[in-house]
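S.K.: can't give you the sequence, but here's the structure:
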């Protein structure tokens with residue numbers, strides 16, 4: 001579904017604190033329900049100035065990847081995607097975990113693809129990474145014991161519209177300079 005169309009959805013299965021995230025999660029959960037996949041959400045997403053489009057890019061791509069991986073796991077494995085959210089100072093930290101059929105190779109924080117069409121692989125995560133950078137965010141990928149973890153964070157506080165970088169970037173940079 002298109003990002004703007006998601007807000008027109010009549011059902012909400014999640015109460016995350018953010019209407020677009022509620023809509024994304026509800027839409028994805030309804031689409032995978034018949035496949036025995038569940039999406040669990042823990043935490044609260046505070047109000048933020050991040051655009052709905054950027055939230056769709058971040059959450060849509062990460063959830064699509066998690067769903068694709070979970071669809072491949074054997075039926076004796078719990079087909080569950082867990083999303084945990086917490087806020088610390090001006091940053092939101094989010095972890096998405098899901099089972100995988102096989103161990104996923106990661107090199108330089110990129111998935112080493114086994115797909116034939118290598119040139120069109122990883123575009124979603126590249127979009128996520130570029131979008132997170134706009135908000136002084138970071139993306140980290142890990143796979144251990146057939147459990148894939150996507151961790152990301154981004155600044156959620158914008159006080160001054162005229163700043164090119166969010167104020168937490170300025171604070172983070174200032175704190176770094178003070179340590180040097």
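M.R.: It's in. The model shown is predicted, which means the values in this text are computed figures rather than measured ones.
S.K.: ok, the nearest residue in space to residue 146 that is not next to it in sequence - contacts?
M.R.: Excluding the flanking residues, the one nearest residue 146 by Cβ to Cβ, 6 or more residues apart in numbering is residue 100, at 4.9 Å. Where C-beta positions appear, they are placed from N, C-alpha and C, glycine not excepted. Residues counted as contacts of residue 100 (Cβ atoms under 8 Å, 6 or more residues apart in numbering) are 69, 72, 73, 143, 146, 147, 148.
S.K.: now, these that are in helices?
M.R.: Members of the contacts of residue 100 lying in helices (criterion: DSSP state H): 69, 72.
S.K.: by neighbours, which of the contacts of residue 100 wins?
M.R.: Counting neighbours by other Cβ atoms under 10 Å, residue 148 comes out on top of these with 22 neighbours.
S.K.: buried stuff in stretch 130-144?
M.R.: Buried residues in stretch 130-144, counted by 16 or more other Cβ atoms under 10 Å: 131, 132, 135, 136, 137, 139, 141, 143.
S.K.: wait, the fifth one sits on residue 154?
M.R.: Okay, so that is residue 137. Yes. Under the criterion of Cβ atoms under 8 Å, residue 137 makes contact with residue 154 at 3.2 Å.
S.K.: quick one: low-confidence ranges for the protein?
M.R.: By pLDDT under 70, the weakly predicted segments of the chain are 1-11, 114-122, 158-180.
S.K.: coming back round to it: mind putting the contacts of residue 100 into a markdown table with distance to residue 111?
M.R.: Compiled in a markdown table, the contacts of residue 100 are given as follows (distance: Cβ to Cβ, whole Å):
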| residue | distance to residue 111 |
| --- | --- |
| 69 | 10 |
| 72 | 14 |
| 73 | 17 |
| 143 | 9 |
| 146 | 14 |
| 147 | 15 |
| 148 | 9 |
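S.K.: can you tell me how far residue 130 is from residue 70?
M.R.: Using Cβ to Cβ, to the nearest Å, we find residue 130 at a distance of 25 Å from residue 70.
S.K.: state the phi and psi torsions of residue 85.
M.R.: The phi/psi pair for residue 85 (degrees, to the nearest 10) reads phi -130, psi 140.
S.K.: quick one: contacts for residue 68?
M.R.: Residue 68 makes no contacts at all, as judged by Cβ under 8 Å, 6+ apart.
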